[in-house]
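Sequence and predicted structure, then a few things I'm wondering about:
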Amino acid sequence: MLDTIHRQWQMLRYLPRHPRRIGTSELLKKLSGDGYDVSARTIQRDLQSLALIFPIVSDERRPRGWSFAPDAKASEIPSLSTHEAIALRLAETHLEPMLPPASREQLVGHFAAAREVLAETRLGRWAERVAVAPGGMHTLAPKLDGAVLEQVLEGLMHQRVIAARYRRRGDREARAYRLHPVGLVYRDGVGYLLAMNDNYEDVLQFPLHRFVAALSEATPARDKADFDAQRYAFSEAMGYLLSDAPIALRLHVDAHAGARLRETPLAEDQTVEEQPDGTLLIRATVADTRALRSFVLGFGPLCEVLAPASLRAEVAAAHRSAAARYDVTRAD
């Protein structure tokens, strides 16, 4: 009996709201994926029984489709608490782009229910009062092909090989790839599929907006033992590592500009020494990345690289090049 209740409960979760519909065969596939050993006939009997209790409707098309009535109230089983509703609203606002299409589809009703629950409380505008601000200059997210994105996420979710056509930056034509997906990272509004290409073992980054076509195959993808997307996202790899050797960085920074580095250090071993003129001398061991160069250059004249000498030379050359572009003595 308990197994029957669990199965029927799960069936209710899979029913979409009209006019969307789901057939018996698709329900059978989903329940089988959840570990239920059940027949199509049993599913039909369950649906007919549940329709006597819940606002479930079916159509006369073949194959027959089932759904919740369009005006059915979201009578969550169990109903959402206020704090659960807050969590769902924040997830809808900030995490929805990261969810696989199938997950988004199943959560549509829950998101709507969360809005309904919060509308009746003083926390109804909570999602409008909490925001995640971009770390730098805000840019618009690149446009994605929905069908391609769905195939990429399907491959990642089910650990299948993705046959793709992908256009690298600077290339005019897309190239064929056979990708073994291992993770997904979002940074500054851009999604990156982390995958191994063909028979290679290196994990590469593939921006989602550069996929021209993708197909999630039935072929199981190779796994990457102990790979952790969270750890990868905060590693030097996402900062475009230029060398394996870390840098013993020394910066001379304006007091106001460097105040942020007191609160958010560059590294665990960072030290800050206030100079007689109020400026700051900062020492830290950091990774040798492109992100480091962008960070330092972002301070403009308020930051001087003292060491290492190679990085100081790079930054100096970049500033000289920029100054030449702004030469006011040069005619337009």
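Noted; the coordinates are in hand.

what sits against residue 271?
Residue 271 makes contacts with 282-284, as judged by CB atoms under 8 Å, 6 or more residues apart in numbering. Heads up, the C-betas are built off the backbone N, CA and C, glycines and all.

Please repeat the previous calculation with a cut-off of 6 Å.
When contacts are counted by CB atoms under 6 Å, 6 or more residues apart in numbering, residue 271 touches residue 283.

Test for you: state the pLDDT assigned to it.
On pLDDT, residue 271 comes in at 95.

List the beta-bridge partners for it.
With DSSP bridges as the criterion, residue 271 is bridged to residue 283.

where does the stretch 151-300 of the chain dip in pLDDT?
Counting by pLDDT under 70, the stretch 151-300 of the chain contains low-confidence residues at 239.

Now do the buried residues in the helix or strand hosting residue 305.
Assigned by DSSP states H and E, residue 305 belongs to strand 303-307. Using 16 or more other CB atoms under 10 Å as the test for burial, strand 303-307 gives 303-305.

Between these, which sits nearest residue 220?
Residue 220 lies nearest to residue 305 out of those, by CB to CB, at 48.2 Å.

pLDDT score assigned to the residue nearest to that closest one when sequence neighbours are not counted?
Nearest non-adjacent residue to residue 305, counting by CB to CB, 6 or more residues apart in numbering: residue 312, 4.4 Å away. Residue 312 carries a pLDDT value of 96.

how about residue 312, secondary structure?
Here residue 312 is recorded as helix under DSSP: H, G, I helix; E, B strand; the rest coil.

swap in residue 249?
Classified using three-state DSSP, residue 249 is strand.

Which residues are in contact with it?
Applying CB under 6 Å, 6+ apart, we find residue 249 in contact with 284, 286.

beta partners of it?
Counting by DSSP bridges, residue 249 is bridged to residue 284.

Start and end of stretch 301-309, how far apart?
Stretch 301-309 has an end-to-end distance of 18 Å (criterion: CA to CA, to the nearest Å).

let me redo that: stretch 232-242
Using CA to CA, the end-to-end distance of stretch 232-242 comes to 16 Å.

Which parts of that stretch count as buried, going by neighbours?
Residues of stretch 232-242 classed as buried: 232-233, 236-239 (neighbour count, 16+ other CB under 10 Å).
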